[in-house]
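Got a predicted structure here, sequence first:
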Amino acid sequence: MRVLIIGAGASGMMAALTAARSGHEALLFERQSRVGRKLAATGNGRCNITNTGAAVSRYHGEDPDFARGALEALPVADTLGIFRGIGLLTREEYGGRVYPLSNSANSVTDTLRFALEAEGVRLVSGDRVRALRREGSGFALSTESGAHVTGDAAIVACGGMAGEKLGGGKDGYELLRAFGHTRTALYPALAQINTAPEFPRALKGVKADCAMRLMRSRETLAESSGEALFTETGVSGPAAFDLARTASTSGGELTLSLDLLRGLGFGEVLGYLRSRVENAPQLTAGELFIGAVPNRLARMLAKYAGLRQDAPASGLDARALKSLAAAAGGFALPVRGTEGFGTAQVTAGGIKTAEFDPATMQSRLVPGLYACGEVLDIDGDCGGFNLQWAWSSGFLAGRLL
Ligand SMILES: Cc1cc2nc3c(=O)[nH]c(=O)nc-3n(C[C@H](O)[C@H](O)[C@H](O)COP(=O)(O)OP(=O)(O)OC[C@H]3O[C@@H](n4cnc5c(N)ncnc54)[C@H](O)[C@@H]3O)c2cc1C
């Protein structure tokens with residue numbers, strides 16, 4: 001069979017490799033001059049290629065269970081087996097995150113590129129697919145440069161809106177909509193959460209390990225834990241990324257509450273402060289948390305608690321110490337939305353998965369038409385889950401079952 005694969009990102013490259021290995025003639029179309037440009041930028045240039053904890057529970061969308069078929073067709077161990085087979089060595093780090101041993105995302109892109117070449121995949125890059133339509137019992141696509149190519153099957157692997165400068169866009173949705181497919185609303189996910197800037201701005205560049213809650217009034221909408229990075233306009237880092245999906249899809253007035261001493265209850269934090277005052281009475285209010293959190297954050301906690309940073313610790317009464325302890329456990333920032341698709345790492349929402357068969361990734365509306373990756377309404381948590389979805393769904397689509 002001759003298969004037209006549109007988009008040479010993570011899922012498209014895996015689909016093309018699988019199709020070629022299954023004995024099909026694979027033609028891979030990429031609108032950018034290079035394949036896998038986004039892939040090369042993932043994981044801060046290190047590419048968090050997968051997560052050993054990948055399971056349906058780490059995925060979101062109207063029907064997260066849709067991801068099961070692909071994750072079972074190509075589980076993490078088999079994914080790493082494929083990569084090892086094409087020469088990529090990897091290493092597991094904290095939280096099950098897997099990276100190339102080289103610590104370079106280019107290793108992932110290049111080993112895939114070499115493998116595609118070795119399997120005889122025909123790559124057409126620097127040309128955008130403008131239209132895809134039925135022709136006879138197969139498909140025909142036309143490109144920006146005027147090329148007209150036919151095939152027996154087609155796989156749409158154009159990705160989603162996230163990372164606009166790296167290839168994110170609407171093309172995949174539009175190509176599938178031409179066949180009658182529909183999509184859900186689209187939101188940026190795995191993005192910085194923008195908040196009232198006063199405290200984050202003063203803490204710009206500070207990283208803290210914390211537990212986070214996204215609250216609407218007193219209701220907790222979502223929770224996460226891990227690293228937070230304060231920026232000019234809000235809170236970034238993996239822990240914030242994991243709440244961005246809920247922040248961008250939930251209405252109402254939201255608050256981001258950070259527990260900066262996770263694992264310690266209010267009583268323990270208060271006990272810590274009391275012992276600091278007792279043992280080091282010469283400290284100021286702004287210095288009491290030094291040793292527990294980053295220094296700049298320690299000073300900011302005093303300000304947040306309504307204390308003068310240079311107030312002598314020995315003069316702080318029980319109420320002041322309680323406010324300081326409460327500030328560390330509930331450093332709450334009013335939410336002002338999230339960053340947009342330009343800097344988001346993934347798109348929440350996409351083409352409705354009910355219109356595809358989870359056992360094959362084939363369209364239920366158009367036989368021979370497949371989709372994989374982020375263009376579909378599946379998004380994963382931060383930590384390698386999105387690339388695993390791209391590998392698994394691309395693999396399943398490329399089998400052309
Ligand atoms: C900065 C950043 C960092 C990230 N880091 C990680 C990470 O460490 N771990 C992780 O799991 N996930 C990460 N992600 C998410 C992950 O990269 C994506 O979920 C994944 O790449 C999606 O794969 P895909 O194949 O669906 O789409 P993409 O990888 O986006 O590939 C789609 C390809 O299709 C091409 N295309 C689009 N339209 C057309 C057209 N009309 N004609 C021809 N070609 C077209 C695009 O140019 C692109 O190359 C990150 C994302 C970003 C933006």
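Sure thing, it's come through.

Give me the phi and psi for the closest residue to residue 354 other than its chain neighbours.
Spatial nearest neighbour of residue 354, excluding adjacent residues (C-beta to C-beta, 6 or more residues apart in numbering): residue 63 at 6.6 Å. Every C-beta, even on glycine, is put in place using the N, C-alpha and C of the backbone. The phi and psi values for residue 63, taken as degrees, to the nearest 10, are phi -140, psi 80.

Return the residues in contact with residue 63.
Shown in contact with residue 63 (C-beta atoms under 8 Å, 6 or more residues apart in numbering): 353, 354, 377.

ChimeraX command to pick out the buried ones of these?
Those of the contacts of residue 63 that count as buried under 16 or more other C-beta atoms under 10 Å are selected in ChimeraX with:
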select :353,377
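
Return the member of the contacts of residue 63 nearest to the ligand.
Nearest to the ligand among these, counting by C-beta to the nearest ligand atom, is residue 377 at 12.1 Å.

My read is that that closest one contacts residue 349, right?
Yes: counting by C-beta atoms under 8 Å, residue 377 touches residue 349, with 5.6 Å between them.

Which neighbours do those two have in common?
Common contact partners of residue 377 and residue 349 (C-beta under 8 Å, 6+ apart): 61, 183, 184.

now these: which count as buried?
Among those, those scoring as buried are 61, 183 (criterion: 16+ other C-beta under 10 Å).

Would you reformat the shared contacts of residue 377 and residue 349 as CSV and include pLDDT and secondary structure?
As requested, those are exported to CSV (pLDDT from 0 to 100; DSSP: H, G, I helix; E, B strand; the rest coil):
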residue, pLDDT, secondary structure
61, 96, coil
183, 98, strand
184, 97, coil
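
Using JSON lines, lay out the shared contacts of residue 377 and residue 349 together with distance to residue 243.
JSON lines is the format used below for these (distance: C-beta to C-beta, whole Å):
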{"residue": "61", "distance to residue 243": "17"}
{"residue": "183", "distance to residue 243": "23"}
{"residue": "184", "distance to residue 243": "20"}
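
ok, and of the shared contacts of residue 377 and residue 349, which contact the ligand?
Among those, none lies close to the ligand by the criterion of C-beta under 6 Å from any ligand atom.

for the shared contacts of residue 377 and residue 349, which one is nearest the ligand?
For those, the residue nearest the ligand by C-beta to the nearest ligand atom is residue 61; the value is 12.9 Å.

can you tell me how far the residue in the stretch 201-350 of the chain that the ligand sits nearest to sits from residue 99?
Closest to the ligand within the stretch 201-350 of the chain is residue 345: 3.7 Å, counting by C-beta to the nearest ligand atom. Note on residue 345: its distance to residue 99, by C-beta to C-beta, to the nearest Å, is 16 Å.

and residue 334, how many residues sit next to it?
12 (other C-beta atoms under 10 Å).
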